[in-house]
Structures are given as structure tokens and as C-alpha cells.
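Enquirer: Got a sequence here, can you build the structure:
(chains A, B, C and D)
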There are 2 protein chains.
Amino acid sequence: MAEQEGGKRGGIDPAGRSAVVDLIAVLVAVTAGEPRVMTLDGGRALPSGPFELAHRSLQSGLRDWVEQQTHHPLGYVEQLYTFADRDRGAGPAAARVISISYLGLTREEVGRDSAQGWRSWYDYFPWEDWRSGPPAVIEKVVAPALTVWAETGSAERRHRVALAFGLGGNPWNEDLTLQRYELLYEAGLVAEAQQPRADEQGSGVPGRAMLADHRRILATGIARLRAKIKYRPVVFELMPPMFTLLQLQRCVEALGGRLVHKQNFRRLVEQQELVEETGETAAETLGRPAKLFRFRHAVEVERAIAGTKLPLIRS
Amino acid sequence: MAEQEGGKRGGIDPAGRSAVVDLIAVLVAVTAGEPRVMTLDGGRALPSGPFELAHRSLQSGLRDWVEQQTHHPLGYVEQLYTFADRDRGAGPAAARVISISYLGLTREEVGRDSAQGWRSWYDYFPWEDWRSGPPAVIEKVVAPALTVWAETGSAERRHRVALAFGLGGNPWNEDLTLQRYELLYEAGLVAEAQQPRADEQGSGVPGRAMLADHRRILATGIARLRAKIKYRPVVFELMPPMFTLLQLQRCVEALGGRLVHKQNFRRLVEQQELVEETGETAAETLGRPAKLFRFRHAVEVERAIAGTKLPLIRS
DNA sequence: CAACTTATGCTCAAAGTGAGTATTGTCATG
DNA sequence: CATGACAATACTCACTTTGAGCATAAGTTG
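Expert: Numbers count the residues shown, from 1 in each chain, chains lettered A, B, ... in the order given. The predicted structure is shown next:
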């Protein structure tokens, strides 16, 4: 089916059947209540590099590139998505490039030279941060522009816009980050959608642009992470070994871009036995001192058991 | 970063930076209460083919291959996973192949010449069907063999086995299909794990083998589908336009490999307003005639709104 | 000490779930 | 034509899980 390629160098490829494969990382940390993503090139690109024969696997290839480019170790990693759209790559004459993207979770290391690359992901998606209420940018810029665009389309298009951005009485759903970005792209409101000139923001919407489809990949990562923290205890990959429940809450809020009910959040965390007390208490500056907790790693296995939602029968 | 490849033929590749990319489909239908998967080569392979420059996108490339190989139209499609493990491909001297896998959902078309390829997925994973209680094959073959293997490893290995296969009082979790297959592979109990001889089943566990890593990809598809029907109304892609609630239930049971509580299942379906009455009733053979329902396509958009699980605050 | 800020405890009602029991239509059959 | 067999539907009931608050407790700062 596929011709063999034995050695270190590939052969001629008459059928156009081989492609360049890029590995791209969305590396996330939460620091000081801000969700941050590792970038290169002045914030315009995600860490990435081609998959090479020398790499043992996709993941190890990714690890090599990220650690080489950012000098930051890669912890928890999961695959995100594989993209290969033609007109969505690096310019009009782009080669056929396949982008295999990964989501990585870590913590920022203080005093590292990697400190340069971290940026708040809300720099790229200002409309995604609802922690201080509905972002003004939506009402002032995004909604009007999208509404104009939607008017020129079908009713279904208007419906998609209303649903994704919580317009017309619809509730906001933080998990739709990717759909929102894709809508803005379709509407030509993000810089990446303007083929020729890459840098001018023009008639677009606020939010930093990135090279090629990196911002789309970032949106994919955010969406995945926002969805995942709800059913898998992955937040802890972003926390220090010991933390207070408020710190944990702030982390979740940073990721979700929404505030949560403090008491109910604690109830949830405790009843699910996600954490255990360390016995120590935090040396805070303000308020009653909080107990310090640590993640109960045991739940990672226990949680594998859960999962269902169908009205099963016992027997 | 990546060298340009202009025309129909690729160039020399000194850095080993280009790879062959295969597109692989797990095409599923449910017929007569059995979950079935489309296969080729006498049930030993999934539909697949290389991604070529001529393809507009990964999905369209996949569609081309599947429709050409199976003469069956492809409906709902979603990406599954991208594999590229070295020692897991087509034999020891395998080229570096990247497999991008997709899950497709359809219905079998009667009287099609594509009818050949459909097989029950439980032919490949007999231990996954719990609809008539715990499969004998687990108690008789799988559990003993895995226990022997686990004894030779760490306590953590024993724990993984117990969890994945519901041993030692652990509950069965139908979503762990992939983990179970991977454990069996690790333990050398599936034919694919024996490098040299491919066909002899020998000391292994019952269940049909497949070429290369196709069975692993099938397991990935099953796991994804089992998980997904719980939070997204995808079952309906597998149903005819009109159906009774019992037919719907049988379909869900076929996929999950477990029986569900009839009354509660109906309550769930109705309270979520997934279906609406057609007014007609089924011309059954047995029992009180059932109302025929159709899927409320409106929920596909409505459902996009749902999704949360965090204890949000209103404000 | 008063004012502030955060940590924790508790309550309450509304929904959602797991497991059954009871009743109602139809068809096939002795 | 009464009786089963087999499903479709209706309802119950006891919990559990959530969404929203109210009320205290325990430090820090001026």
C-alpha cells in the first residue's frame, strides 16, 4: 500500500504521498491567577518542529523540540488534533504540511530563561475572559461585527453566532472557544483570515494574532482543557505540590474564564476526595489562614472506574 | 522551517523529515442489535489509504478512500487519534508511517455490494460484550492469563489489570476498551504482539486479530463512541429516520455492551427531549405496538449550550 | 478594638437517579 | 374467546447531587 522507505533519507515520491509533519505544542501554566501559554517569536508562534526519523515517537519528538526551544521541561502531555487544511497554513504557496498538536500542562519555573515566552492566553482571546463579567469587547466590537456578517448569511449562521457568543439570551458556554474562533475566522474578523497582509488588524477584532494556524491550535487546546477539567483531575498538573483551596479555585477560574461558587466548589473537591490535608496552613497575608492541601494521586486510578452516565441495570 | 514542495512529486529528503501518512477509518453501524464495523481483506483490515497531495483535506481524503474501497457512503465523521509508534506498524522493517484515524457512523445499506465487509466488533473483542452477563472468556481465559502476567510485574500492574477488567470486586467500565486491549498487547496475549508469526493465535486470548495496528485503532474507536454517546446525541447517526424507543435502547446497548434499565432510559430520552413522536406506530410482530419517534435535530444546536459541570456563580 | 478579608460550616429546596411495581394494548393459541 | 406472552407506558419512592445563600470563625491592618 505504502512504499517502503528504508534508510535515513527518503526516496523520490512520484505519487505525492509523503508529507512534512509538524509537531506543535500548546504548553499551559497558570501563574498568579492567569492562564499562560508558552510562545516563541515574540508571542507569535507556539513551540514546534518537524517530526523526524530520529524521533522515537510523536510525543518524544515533541518533547525534544519543546525542551530545545523553550528550555522548559514538559510534563503531562496529551494529543489534541491533527490539522492539514490546505489554505490554512503558512501563506498561499504553502507546502502540504500536517500539524499534529499536543496539549501540555506544567508550572512556570521561576528564574528560568524560559520565562520570556509565557503570555496570558487572553491576550489572544480577550473575549474569553468572563471573570469580571461579560467582556466589553464582545458588546462593543465582536457582537456588532459578527451580526453584520451574520445578516449576510443564512438563519443558521445567525443561530451559530448567537449560540457560540451567548447573544440573544443564550447562556455563555466557556467550552466553545474553538467554535468562536472559527466563526471569527470565517467572518474574516481575525488577522489570520486576511491572506495577503498578515500584520495589520484593520477591521478585525481585538486579540493578538499568530503565525499560520497557531492561534487556531491554541483555541483547540483551551477548549479541550476547559472541557477536561470538568471530568478528569488534570488541574493538579498546574498546581504546586501544596496549595490552598482558594488557589485551586483561582486556577480553575483562570482556565474557565468564569467565577465559581466558593462553597460549592469546596464541597465538590472534598466530596470527590481529590485532595488531602497536609496539616500545614498557608502563610498568607490576608484573612484567616487556609489549610494547605495536596492532590490525592490515588484518585487518578480510582477515577478511571467512574465514567458512566447511562441508566444501567445491575444484575 | 519546512522545505517547499511545489509540484506533484516531492523532492529528496535529506533530513528524513517527510513521512507517509495513512488515513484509516473505523466505520460503524448497528444492525439487528449488533455493533458492526466495516472491514476489508476478509476482516483483517480497516478501510485505509495514503493521504495524497490531490486530497483537499484529511477528511476528504478519507472519504475518497473509504468510498472507493467499500462503496459505502460516509456520513458523520470525527477524528480519532494519530499514531506513529515505531515498533507497532507493519512488521519489523516498517517505514515510518503515520496513521491518522477517524470514526465514522452510518447505517448498513441493504442489498449493497458493500455488505461483505461488515463484522460484529465483538468478533475482535469478545470480552467487551456484557449484555448477557460477564463473558465466560474473561473468567476462563483473560483473567487467568493476565493474572499470571501481572504477578511478574509491579503492584501497579496488578492494579491496572484489576481496574480495567473489573477484577477483584472492581466494577466493569465499558469505556476502557482501549486500555484493556493495550494491556493484553503489553502482556503479549494478542496475536499482534507476536512480532514474527502473525497468524497463529497460540497462547493468546480469543478474538480475531487484524493487520498492523488496525485492531488498536478499532479499540480506540469503540472507546470513543462508548464515551461519546453519554454526552452527545450521536447514536442517532446510527438509527433509521424513524424508530421505536426499544430499538434505540437496543442500539445503545449494542454499543455499550451492557443492558440499560428500560424505564429510566426512556425517562432520560424524553426529559432531554431528544426525540419527538411521528404519530405513527410500529408494525411489530410482538407485544403492544410502540410509537415511532424521530430524532429532534434541533437538540444538536441546543446541546451545544449545555456542557458545564463546574459550580458556577450566576451574577 | 473596629473593619476587612478569607476560611469553613450548615441549611434548604429543586433536580436528577436508581430500582421497582402496576397497568395497558396486541397478537397467537388452545 | 379466555389466557398467556410480550412489550409499551405510568407512577412511586428513596436517595443523591446541585444551586444559592446565611452564618461563623480566625487572622491582619490601622
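
Enquirer: Tell me which residues are up against stretch A:159-175.
Expert: Counting contacts by C-beta atoms under 8 Å, 6 or more residues apart in numbering or on different chains, the residues outside stretch A:159-175 that touch it are A:127-128, A:130, A:134, A:138, A:142-143, A:146-147, A:149-150, A:176, A:179-180, A:183, A:223, A:226-227, A:256-258, B:301, B:304-308. Glycine gets a C-beta too; all of them are placed from N, C-alpha and C.

Enquirer: Tell me the residues of the stretch 201-315 of chain A that contact DNA strand D?
Expert: When proximity is defined by C-beta under 7 Å from any atom of the strand, the stretch 201-315 of chain A lies next to DNA strand D at A:261, A:263-264, A:267-268, A:271, A:285-289.

Enquirer: now, which of those residues sits nearest DNA strand C?
Expert: Within the set of these, residue A:287 lies nearest DNA strand C; the separation is 2.0 Å, counting by C-beta to the nearest atom of the strand.

Enquirer: According to the record, where do the domains of chain A fall?
Expert: Here chain A is described, according to automatic domain parsing, as comprising the domains A:20-121, A:125-209, A:239-304.

Enquirer: of all of the stretch 51-200 of chain A, which residue lies closest to DNA strand D?
Expert: For the stretch 51-200 of chain A, C-beta to the nearest atom of the strand, closest residue to DNA strand D: residue A:171, 10.7 Å.

Enquirer: Counting neighbours, what do you get for that residue?
Expert: Counted with other C-beta atoms under 10 Å in any protein chain shown, the neighbours of residue A:171 add up to 11.

Enquirer: again, but for residue A:56
Expert: Other residues near residue A:56 number 13, with proximity taken as other C-beta under 10 Å.

Enquirer: Need the three-state assignment for it.
Expert: Of the three states, residue A:56 takes coil under DSSP: H, G, I helix; E, B strand; the rest coil.

Enquirer: what about the nearest residue to residue A:141 once chain neighbours are set aside, how many residues close to it?
Expert: Nearest-residue entry for residue A:141: residue A:205, 5.5 Å, with adjacent residues in sequence omitted and distances by C-beta to C-beta, 6 or more residues apart in numbering or on different chains. The local packing of residue A:205 (other C-beta under 10 Å) involves 19 other residues.

Enquirer: secondary structure class for residue A:205?
Expert: The three-state label for residue A:205, taken from three-state DSSP, comes out as coil.

Enquirer: ok, residues contacting stretch A:132-144?
Expert: Contacts to stretch A:132-144, defined as C-beta under 8 Å, 6+ apart, come from residues A:126-129, A:165, A:167, A:172, A:184, A:189, A:205-206, B:315.

Enquirer: Quick check: residue A:300 vs residue A:226, distance?
Expert: Here the distance between residue A:300 and residue A:226 works out to 20 Å (C-beta to C-beta, to the nearest Å).

Enquirer: Please read the previous query as pertaining to residue A:57.
Expert: For residue A:57, the distance to residue A:226 (C-beta to C-beta) stands at 27 Å.

Enquirer: same check, this time on residue A:207
Expert: Taking C-beta to C-beta as the measure, residue A:207 falls 17 Å from residue A:226.

Enquirer: Equivalent analysis for residue A:59, please.
Expert: If you measure residue A:59 against residue A:226 using C-beta to C-beta, the figure is 23 Å.

Enquirer: between the two, which one's more packed in?
Expert: Between residue A:59 and residue A:226, counted using other C-beta under 10 Å, residue A:226 has the larger neighbour count: 25 against 19.

Enquirer: List the contacts of the more buried one.
Expert: With contact set as C-beta under 8 Å, 6+ apart, residue A:226 has these partners: A:174-175, A:177, A:255-257.

Enquirer: Just the ones in helices from those, please.
Expert: Restricting these to those inside helices, with DSSP state H as the criterion, leaves A:177, A:255-256.

Enquirer: Tell me the one of those residues nearest residue B:241?
Expert: In terms of C-beta to C-beta, no member of the ones in helices among the contacts of residue A:226 lies closer to residue B:241 than residue A:177, at 33.9 Å.

Enquirer: count of neighbours near the closest one?
Expert: Burial measure for residue A:177: 25 neighbouring residues, criterion other C-beta under 10 Å.

Enquirer: List the contacts of it.
Expert: Applying C-beta under 8 Å, 6+ apart to residue A:177 gives the contacts A:125, A:128, A:219, A:222-223, A:226.

Enquirer: Return the member of those residues nearest to DNA strand C.
Expert: For DNA strand C, the closest of the contacts of residue A:177 turns out to be residue A:226, at 20.7 Å, with distances computed as C-beta to the nearest atom of the strand.
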